[in-house]
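Peer 1: mind looking at a prediction? Sequence and model below.
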Amino acid sequence: MPRQTHPSPATAGANPIDRRRATGGSSPSERSHEDADSARRAGARALGSAGEDLAAEYLTRHGYRVIARNWHCQHGELDLICLDPAGTLVMVEVKTRASDLHCHPCETVTPIKARRMRESALHWIAAHEWRARAIRFDIIGIIARPGASTLPAITHLEDVC
């Protein structure tokens, strides 16, 4: 029996859903929106990563020792895990924004995020068999102002949740 060939759904007059699947799932105008969204997410990730680097440098300059970064578990992520100069274990949530037009970055830590931080901290402590005298949760808010000639503004709130 001769081999049958089937035309591509994108070129064979297939229904619109099949054409969308064959061409990457969306029309050209939808893809341009998806590309813009993807670029925004990539920019936000880069800004967040730069903010975490800046926060780690800030804490180190103030006598902290960073012992872990971006630790993940089923409950969430801990951005920075540090020891402060007194030996307290500090879980740090870093929030970086390009501006404070809508609100300060520290204000974006919700009660749900605070609960996830506490749950994640318990998992980190158990996984590392950590015996700390004390534990605390801090937030570092950074307003980066990309393109501005001013340095990023750093706010460090201690013992917040």
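Peer 2: Structure received. Residues are numbered from 1 along each chain as shown.

Peer 1: now the helices for the chain?
Peer 2: Secondary structure of the chain (DSSP state H): helices located at 16-22, 28-61, 111-127.

Peer 1: okay, buried residues for stretch 100-112 please.
Peer 2: Across stretch 100-112, burial judged by 16 or more other C-beta atoms under 10 Å covers P105, C106, V109. Yep, even glycine has a C-beta here, placed from its N, CA and C like the rest.

Peer 1: just give me the neighbour total for the nearest residue to L157 once chain neighbours are set aside.
Peer 2: Closest residue to L157 apart from its sequence neighbours, by C-beta to C-beta, 6 or more residues apart in numbering: I139 at 4.7 Å. Neighbours of I139 under the rule other C-beta atoms under 10 Å: 26.

Peer 1: for F137, name its beta-bridge partners.
Peer 2: M91 (DSSP bridges).

Peer 1: contacting residues around it?
Peer 2: For F137, the contact set (C-beta atoms under 8 Å, 6 or more residues apart in numbering) comprises V90, M91, V92, E93, A114, M117, R118, A121, D159, V160, C161.

Peer 1: is it true that the fourth one touches T108?
Peer 2: Meaning E93. No. Using C-beta atoms under 8 Å, E93 is not in contact with T108; the gap is 9.5 Å.
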